[in-house]
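Chemist: sequence and computational prediction follow.
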Amino acid sequence: MGQGLPDPEEFSFFMLNKVRIVLIHTSHPGNIGAAARAMKNMGLSQLYLVAPKQYPDDKAVWRAASALDLLENAIVCDSLEVATQGCHLVVGTSARDRSIPWPVMDVRQAAETIAAEPDEHKIAILFGREDRGLTNQELQQCQFHLQIPTNAEYSSLNLGAAVQVVCYELRVAALAKSQLNNAWDWGTEWDVEAATNEEIQRFFKHLEETLVELKVINPKNPRQLMTRLKRLYLRSRPDQVEINLLRGILTATQKLVQSDK
Ligand code: SAH
């Protein structure tokens with residue numbers, strides 16, 4: 001390989017192949033095609049479509065141009081759980097700040113963080129509906145939110161354009177990592193595998209059940225308690241042993257509550 005751009009094979013963009021672009025309840029099939037094209041231009045390949053409103057559709061094919069293979073290989077599924085299965089990091093994209101603040105990174109920081117994840121980690125980036133973005137419930141599954149710093153007076157990008165910007169920044173971050181090959185990386189030195197999204201979601205369910213049994217949560221008026229706890233645990237990126245320990249504590253607590261009744 002000479003000067004200039006790296007050889008695409010050698011470059012391999014290992015990190016780009018571990019990133020799933022997840023489009024949730026997309027209304028306009030043209031945006032699905034545009035997303036596929038944006039991804040292929042930037043070297044990403046894994047497209048997930050959660051319950052698209054109108055798909056398959058010719059408009060998606062037209063907009064995809066030479067990225068038809070991505071559309072053909074796209075995984076269409078009913079739920080976010082399926083689309084994020086096995087993922088260690090789930091990132092939500094959003095133009096707006098929400099009622100409860102969540103860790104947020106601009107797109108460049110987010111791409112660098114993703115590039116620094118261990119190679120074996122799977123990552124999902126969620127994109128919302130054209131009319132109302134991601135729901136709070138979806139955003140609360142994410143370790144952090146990603147914002148493209150747009151004009152505050154008109155902050156919401158077209159869905160295909162948002163996918164383009166995110167994929168471009170991921171490519172730039174991958175390129176920087178492959179050239180420097182010394183990005184700091186907290187994950188590779190870790191002794192235990194990071195917990196996956198399903199493991200974390202099962203823990204949240206268990207935590208909520210236990211807190212209801214303890215009467216810490218009133219199911220008729222749960223307030224923002226689980227939201228705040230989710231944010232706390234997601235921020236700490238627990239590993240599998242840590243999640244098992246926490247669940248062990250919950251099980252022991254439940255036994256004690258039961259025996260007290
Ligand atoms: N009207 C919606 C925005 C929908 S735009 C709202 O107010 O939430 C469709 C999707 O494109 C968003 O859900 C998000 O995934 C992405 N997007 C648009 N603008 C963005 C921005 N500035 N930063 C990050 N993601 C953005």
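Modeler: Received it, and whenever you're ready, just let me know what you need.
Chemist: Pro29 reaches Gln54, doesn't it?
Modeler: Yes: under the criterion of Cβ atoms under 8 Å, Pro29 makes contact with Gln54 at 5.0 Å. Yep, even glycine has a C-beta here, placed from its N, CA and C like the rest.
Chemist: more neighbours: which of these two?
Modeler: Pro29 (23 against 13; other Cβ atoms under 10 Å).
Chemist: list the contacts for that one?
Modeler: Pro29 is in contact with 52, 54-60, counting by Cβ atoms under 8 Å, 6 or more residues apart in numbering.
Chemist: gap between it and Gly160?
Modeler: 11 Å (Cβ to Cβ, to the nearest Å).
Chemist: ok, now Ala60?
Modeler: According to Cβ to Cβ, Ala60 stands 11 Å off from Gly160.
Chemist: the ligand contacts on the stretch 101-250 of the chain?
Modeler: Within the stretch 101-250 of the chain, the positions adjacent to the ligand are 127-128, 130-134, 146-148, 150, 155-157, 159, 162 by Cβ under 6 Å from any ligand atom.
Chemist: only whichever of these are buried, select them in ChimeraX.
Modeler: The ChimeraX selection below is limited to those of these classed as buried (16 or more other Cβ atoms under 10 Å):
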select :127,128,130,133,134,146,147,148,156,157,159,162
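Chemist: among Ala60 and Gly160, which residue is more densely surrounded?
Modeler: Counted by other Cβ under 10 Å, Ala60 and Gly160 do not tie: Ala60 has more neighbours, with 25 against 22.
Chemist: that one against Arg37, yeah?
Modeler: No: using Cβ under 8 Å, Ala60 is not in contact with Arg37, being 10.1 Å away.
Chemist: what about the strands in the protein?
Modeler: Assigned by DSSP state E, the strands in the chain fall at 19-24, 46-50, 75-77, 89-93, 104-106, 123-127, 144-147.
Chemist: what is the burial count for His145?
Modeler: His145 has 21 nearby residues by other Cβ under 10 Å.
Chemist: over to Glu153?
Modeler: Glu153 has 5 neighbours, counted by other Cβ under 10 Å.
Chemist: returning to that earlier point: which of the residues of the stretch 101-250 of the chain next to the ligand fall in helices?
Modeler: Residues of these located in helices (DSSP state H): 159, 162.
Chemist: and the furthest pair within the residues of the stretch 101-250 of the chain next to the ligand?
Modeler: Farthest pair in those (Cβ to Cβ) is Asp131 and Leu146. Separation: 19.8 Å.
Chemist: re earlier: to Asn244, which of the strands of the chain lies closest?
Modeler: The nearest among these, by Cβ to Cβ, is strand 89-93 at 19.4 Å.
Chemist: show me the contact partners of that closest one.
Modeler: Outside strand 89-93, the residues touching it (Cβ under 8 Å, 6+ apart) are 84, 110, 114, 117, 121-128, 134, 138-139, 141-148, 162, 166, 194, 197.
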